[in-house]
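In: below is the sequence, then the predicted model.
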Amino acid sequence: MRTYSDVQGVLVVDKPPGPTSHDVVAQARKVYGTRRVGHTGTLDPMATGVLVLLFGEATKLSNALCATQKLYHARVVFGYSTDTDDALGNLLVKASKIPNLWEGDDLFAALRNERERTHQIPPRFSAISKNGQRSHEAARKNIEVLLEPRPVRVHELRLVEIGENYVDIELLSSKGYYVRALARDLGNALNCPAHLGALRRVSTGPFGIDLAVAWPSITAHPLMPVVDAVRLAIPSFELTEDGFHRARFGQPLSRSDFLQLPTQAREVNLMAWLFDNKLVALGQWRDEETLRVARGFCSGTESPTNQKAATRVSSVP
């Protein structure tokens, strides 16, 4: 593959149903002519919506940009369960009768419990590793893997519609929350097997569907500059010239190395340090008085997109 080292930035795509997140990354590598492409959080093949692609130096931001809340529109279908907890899986259990979802308080009680959830058991088919093996790989080999509950948080959960055999839900959740597990657990709560029938991610942090481009694409869309993406997603502070040089060499910094570092910045876990409209580093407090570089970035590579890549046309397989 011919590569362009100056392809830098962020692209929000509207993933269609079918391809995996890895497939979308592979397509983007061909369109933009670079191998340095990543994303901020996997979407299942069935799911659609916001997938944030990272190019060049932006790939270093993967953990920082995915550690944020995500907004979903989901449909949970009652009547049968699958091995993957979604509509693409193999049938596991089929109900002889679907309960009246309007009747009684069972559904509403289950949703109230979900809003208070602090831990969640992931689906068997997931990318979580245990004993050196991915859970989905073990599941395909019919190897039983006991996954530990993981800390999650439900920020908001709104019931949108109740159908004859489904419910539509709007959900704002933390990183690591599996909507497929929500479908499984609602089925268990109502004593009726269920699965995730449809899922659309509306936003990942500040990156909403309104910023997304249709995918697959035959042209290389202009990328959002790394510094603009960072300003949207991470508390950002300007360095002085001395602070810039200290950060570039990975040296400890103090408040005097910033043009302005508000008092409340002391409570920020991760911050972006900028100079001359470029991202210099991600930083953290080291102690009460000093800060340290958590991740450095190359300067001079801040451009919306490689001009050669922006004007060429490629076909996406």
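Out: Ah, there it is.
In: quick one, strands of the stretch 101-250 of the chain?
Out: In the stretch 101-250 of the chain, the segments counted as strands under DSSP state E, counting those that start in this stretch are 119-120, 129-130, 133-134, 150-151, 154-162, 166-173, 194-204, 207-208, 213-214, 236-238.
In: shouldn't Tyr72 be in contact with Glu170?
Out: Yes: using C-beta atoms under 8 Å, Tyr72 makes contact with Glu170 at a distance of 7.3 Å. (C-beta placed from N, C-alpha, C; glycine too.)
In: who has more neighbours, the two?
Out: Tyr72 (21 against 14; other C-beta atoms under 10 Å).
In: show me what the residue lying closest to that one once chain neighbours are set aside is bridged to.
Out: Of all residues not flanking Tyr72 in the chain, Leu171 sits nearest, at 4.7 Å (C-beta to C-beta, 6 or more residues apart in numbering). The partner list for Leu171 in beta bridges (DSSP bridges) reads Tyr72, Leu157.
In: give the contact list for Leu171.
Out: For Leu171, the residues meeting the contact criterion (C-beta atoms under 8 Å, 6 or more residues apart in numbering) are Leu71, Tyr72, His73, Ala74, Val154, Glu156, Leu157, Arg158, Val179, Leu182.
In: run a quick neighbour tally on the last one.
Out: What that stands for is Leu182. The number of residues packed around Leu182, counting by other C-beta under 10 Å, is 27.
In: isn't it up against Arg115?
Out: No: when contacts are counted by C-beta under 8 Å, Leu182 is not listed as touching Arg115 (11.1 Å).
In: and the closest residue to Val202 other than its chain neighbours, what does it touch?
Out: Nearest-residue entry for Val202: Leu71, 4.4 Å, with adjacent residues in sequence omitted and distances by C-beta to C-beta, 6+ apart. Taking C-beta under 8 Å, 6+ apart as the definition of contact, the neighbours of Leu71 are Glu170, Leu171, Leu172, Arg201, Val202, Ser203, Gly208.
In: what distance separates the start and the end of stretch 234-250?
Out: Taking C-alpha to C-alpha, to the nearest Å, the span from the opening residue of stretch 234-250 to its closing residue is 20 Å.
In: list the buried residues of it.
Out: Judged by neighbour count (16 or more other C-beta atoms under 10 Å), stretch 234-250 contains these buried residues: Ile234, Phe237, Glu238, Leu239, Gly243, Phe244, Arg246, Ala247, Arg248.
In: from Ser236, how far off is the residue nearest to Tyr72?
Out: Per C-beta to C-beta, to the nearest Å, Leu171 is found 29 Å from Ser236.
In: swap in His22?
Out: From His22 across to Ser236, the span is 30 Å (C-beta to C-beta).
In: do the same with Asn90
Out: Relative to Ser236, and taking C-beta to C-beta, Asn90 is found at 47 Å.
In: same question, Pro222
Out: The value you get for Pro222 to Ser236, if C-beta to C-beta is used, is 22 Å.
In: what helices or strands is the helix or strand where Val293 lies leaning on?
Out: Assigned by DSSP states H and E, Val293 belongs to strand 291-296. Packing contacts for strand 291-296, counted by 3 or more C-beta pairs under 8 Å, 6 or more residues apart in numbering; DSSP states H and E, involve helix 241-248, strand 278-285.
In: run the chain-centre distance for that strand.
Out: Relative to the centre of its chain, strand 291-296 is centred 23 Å away, using C-alpha atoms, centre = their mean, to the nearest Å.
In: extract the CA atoms of it and return them as PDB.
Out: Listed next in PDB are the C-alpha coordinates belonging to strand 291-296 (Å, rounded to 0.1, in the frame of the first residue of the first chain):
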ATOM      1  CA  LEU A 291       2.000  18.000  36.100                       C
ATOM      2  CA  ARG A 292       3.500  15.300  33.800                       C
ATOM      3  CA  VAL A 293       3.300  14.300  30.200                       C
ATOM      4  CA  ALA A 294       1.100  11.200  29.700                       C
ATOM      5  CA  ARG A 295       1.400  11.000  25.900                       C
ATOM      6  CA  GLY A 296       3.400  13.200  23.500                       C
END
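In: so that strand versus strand 278-285, what angle?
Out: Following axes from the mean of the first three to the mean of the last three C-alpha atoms, to 10 degrees, one obtains 130 degrees for the angle between strand 291-296 and strand 278-285.
In: thinking again about what came up before, so which of the buried residues of stretch 234-250 is the closest to Leu274?
Out: Leu274 lies nearest to Glu238 out of those, by C-beta to C-beta, at 5.4 Å.
In: quick one: residues contacting the residue nearest in space to the middle of the chain.
Out: Centroid-nearest residue in the chain: Gly41, 3.0 Å away (criterion: C-alpha atoms, centre = their mean). With contacts defined as C-beta under 8 Å, 6+ apart, Gly41 is in contact with Leu51, Val52, Cys66, Lys70, Lys175, Thr204.
In: show the buried residues in those residues.
Out: Using 16+ other C-beta under 10 Å, the buried members of the contacts of Gly41 are Leu51, Val52, Cys66, Lys70, Lys175, Thr204.
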